[in-house]
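Colleague: could you work out the structure for the sequence below:
(chains A and B)
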Amino acid sequence: MMFLRAVATMFLGLSFILVVALSSTGLLAQEADPVARGEYLVNTSGCHDCHTPWGMGPNGPEPDMSRALSGHPADLQVGPPPDLSEEWVWAGNPTNTAYVGPWGVSFTANLTPDPETGVLRDMSESQFIDTIRNGRHMGQGRPILPPMPWPAYRNMTDEDLSAIYGYLQQIDPIPNAVPEPLPPGQ
Amino acid sequence: MSVPIIARSRRTGATLGVALALSAILAALAEPVQPSLGETAPADLFATGLYTDPAARSVDPRHLVFSPQYPLWTDGAAKRRWMSLPPGTQIDASDPDRWAFPAGTRFWKEFAFDGHPVETRYMEHLGEGRWVFATYEWSADGRQAPLAPERGRADAWPLSDGRTHAIPGRTDCRVCHGSGPAPVLGFSALQLSPDRDPGAPHAEPLPLDAVDLAVLVERGLIANASAGPAPRIPAADPMERAALGYLHANCGHCHNDRGALADLGFDLAHGLKDGSAAARTTSFGVALKDPPAGLPDGVELRIAPGDPAASALLYRAGSRDRLLQMPPLGTALVDEEAIALLARWVAQQPRAGKPAPQTEGEIR
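Modeller: So this is what the prediction gives:
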C-alpha cells in the first residue's frame, strides 16, 4: 500500500514539474498561440542571420533590427564578386544578405508583409509550406538558391511552418524590393 | 488500522489508473515529431500490381493502356502508360476538366531512353483526394525497380550536350500534380478525345489496345460524361490548335485558373467547361510583373503578338538556365520542335499597337 502511494505521489510530482517546466519555457503558451510559436521559431532557427541586414555595432557584427527580416537592402549595390577557388567556393557580403557561389549571386528575400515588395505577398500558407518542403519558389517554381537551409527546415511539421507563416504575416512591413538572383558569370 | 478489502482495491485501482494515465502522457510527449512528406508508397514497383509476371515484365491485361494526344515533353523519353480502376467503379466526369477517380485508382507511366526503361512513375488514389506519388528507378539489367530516393536521382540517364535526365523527388511530383484542378494530368476528356490532333508535337500513334474517351464511355467506365462532339481545342488553324494543345499539356498544370498560381492570371490550360481562349487573353500583350534576371532587354511581355523575340514565354521555354527555364523541373533539354511551333504561332499573330495596360495579377 505504501509503495503504491509512493508511486502515485511520484507521478503527481513529475506531472507538476512537467507543467511548471512547460510553462516556464513558454511551450504551453506557444501551443495556445501559433504566432508566439512562430516568433520563437524565427528567433531560434536563424532567420535573422540572413534575412535581417547586419552591420557593425558596438559589440561587433549584429543584425539591424530596424530592418528586421526585410532581406537584402535594395539600395545596397554589390560589386563584382571576388575570385573564388576550389578551396573557397562561396562568399557573403558584409550585411550577410548577398552570396556568390557556383549558383550565381543570391539575395535574401524580404519576409515582411509589405504588400508591394514582400516575398510572401502572393504566397498562401500552403504555398509557403510547399516552398520549404521542396525548395522551390512559390512551392513550384525555380529552385531556392543557397545558402537558404530549406533542406533542414523541410523537416519541420506543418504546424510549425504554419506558425512561422502566421508570425511573418503580422510583423512590421518594410518596403524593400530585393533584386532577383543573378546567374553564374553575371 | 484495518481497511475493508473493497475500499483498498478501489484506492489501488485509482492509483494505478493515475499512474497509467501519466505514463501515457509522458509516452505521447516522447513521440518523435515527423514532417508531412506525403503518403507511404510501396517499396518496389512489382508490389504496385502493374505486372502479372514481374520477371517477364508482363503487364496485367486488365489494366487500361492509354496515350494522351498532347504528350508532356520529357527530354524525348519514350513513354508507356497504364491505369487501373477497381472492379465495378466508374470515373465521375461531371466536371469535364476535373474527373473524379474512385479510391483505388492507379496510374503508371514508364520512361525509357535509348530503349532502356529508366523510371516508372506511380499514382494511387487512397480516397478523399489523398494520392500516393512515387517513382521507381530501374536497375541497369531491368530486373529490379525499387522506390527512388525521396529527393530523386540526379544523373539517372545521359542525354545530349552533357546533360542528364533526373528522376524527380517525391515532393517534385506534387509540384505538377498538385497545382491544377485535378491531380491526374494526362488522362482527361481533352487528352483522350477520339478527335486526336495530328499536329501535336511528338504525337504518339495510338497503341492498338489503347482506350480513348469513346471506349471508356462504351465500356461504362465513365459516369456523367457530356454528350456531344469529341473534345477539341477551337483554333484559327491547325498550327494554333497544336500550339494551344502543347501549352495545355506542358504549362497548364501550373498555369491555370484554379490552382495555386491562379492569382497570376496566367491561364495556359484549355478548359472544356468554359472553352475560353484564356491562353491568348492572359498572355498576349500582358506585361511581366517580376521579370527574372537573364531575360534580354526589351522582353517585357509574356507574349508579344507578332514578335517571338520579344516574348518571355519563348525565352523561358527555350532556356535550361535553372533560374529561367520553364517548366522549372522535369526536363534538361529544350523541346526544339515545340519552340519552333510556338515561335511560328506567335509570329503569325497581328502586332499590337502598344502593350495592353494589364499586368500579372490583374486578370482573373
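
Colleague: any idea how far the residue nearest to A:T95 when sequence neighbours are not counted lies from A:T117?
Modeller: Leaving out its chain neighbours, the residue that sits closest to A:T95 by C-beta to C-beta, 6 or more residues apart in numbering or on different chains is A:P53, at 4.0 Å. The way it works is simple: take the backbone N, C-alpha and C, and place the C-beta from them, glycine included. Counting by C-beta to C-beta, to the nearest Å, the separation of A:P53 from A:T117 is 14 Å.

Colleague: higher neighbour count, those two?
Modeller: A:P53 (26 against 18; other C-beta atoms under 10 Å in any protein chain shown).

Colleague: what about the residue nearest to A:R154 when sequence neighbours are not counted, which SS state?
Modeller: Using C-beta to C-beta, 6+ apart and skipping the chain neighbours, the partner closest in space to A:R154 is A:R133 (5.0 Å). When classified by DSSP: H, G, I helix; E, B strand; the rest coil, A:R133 comes out as helix.

Colleague: quick one: the helices in chain A?
Modeller: Applying DSSP state H to chain A gives helices spanning A:2-25, A:27-32, A:34-44, A:47-51, A:125-134, A:150-153, A:158-169.

Colleague: ignore what I typed, I meant the stretch 151-300 of chain B.
Modeller: B:170-177, B:213-218, B:238-250, B:278-281 (DSSP state H, counting those that start in this stretch).

Colleague: any chance of JSON lines for those helices, columns distance to chain A, mean pLDDT and mean neighbour count?
Modeller: Below are the helices of the stretch 151-300 of chain B laid out as JSON lines (distance: least, C-beta to the nearest C-beta, whole Å; pLDDT from 0 to 100; neighbours: other C-beta atoms under 10 Å in any protein chain shown):
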{"stretch": "helix B:170-177", "distance to chain A": "4", "mean pLDDT": "88", "mean neighbour count": "21"}
{"stretch": "helix B:213-218", "distance to chain A": "29", "mean pLDDT": "96", "mean neighbour count": "16"}
{"stretch": "helix B:238-250", "distance to chain A": "14", "mean pLDDT": "97", "mean neighbour count": "23"}
{"stretch": "helix B:278-281", "distance to chain A": "19", "mean pLDDT": "93", "mean neighbour count": "19"}
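
Colleague: adding distance to B:R320, write those helices out as TSV.
Modeller: As requested, the helices of the stretch 151-300 of chain B are exported to TSV (distance: least, C-beta to C-beta, whole Å):
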stretch	distance to B:R320
helix B:170-177	16
helix B:213-218	35
helix B:238-250	14
helix B:278-281	23
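
Colleague: any idea which of the ones you listed gets closest to B:W345?
Modeller: helix B:238-250 (3.9 Å; C-beta to C-beta).

Colleague: for that closest one, the distance to its chain's centre please.
Modeller: 17 Å (C-alpha atoms, centre = their mean, to the nearest Å).

Colleague: check which helices and strands it sits against.
Modeller: helix B:278-281, helix B:336-347 (3 or more C-beta pairs under 8 Å, 6 or more residues apart in numbering or on different chains; DSSP states H and E).

Colleague: closest one to B:P146 among the ones you listed?
Modeller: helix B:336-347 (33.0 Å).

Colleague: who's in contact with A:Y167?
Modeller: A:P34, A:V35, A:R37, A:G38, A:E39, A:L41, A:V42 (C-beta atoms under 8 Å, 6 or more residues apart in numbering or on different chains).

Colleague: let's see 10 Å
Modeller: A:33-43, A:47, A:69, A:111 (C-beta atoms under 10 Å, 6 or more residues apart in numbering or on different chains).

Colleague: got it, and B:G169?
Modeller: Applying C-beta under 10 Å, 6+ apart, the residues near B:G169 are A:134-135, B:37, B:133, B:135, B:148-154, B:175, B:329.

Colleague: could you chop chain B up by domain?
Modeller: With domains defined by automatic domain parsing, chain B comprises B:45-230, B:233-364.

Colleague: between those domains, which gets the lowest average pLDDT?
Modeller: Of all the domains of chain B, mean pLDDT reaches its minimum on domain B:233-364 (a mean of 89).

Colleague: up against chain A, what does the stretch 51-200 of chain B have?
Modeller: Listed as neighbours of chain A in the stretch 51-200 of chain B under the rule C-beta under 10 Å from any C-beta of the partner chain: B:R151, B:P168, B:G169, B:R170, B:T171, B:D172, B:C173, B:R174, B:V175, B:C176, B:G178, B:S179.

Colleague: number of residues surrounding the second one?
Modeller: B:P168 has 22 neighbouring residues, counting by other C-beta under 10 Å.

Colleague: also B:D307?
Modeller: Counted with other C-beta under 10 Å, residues neighbouring B:D307 total 17.
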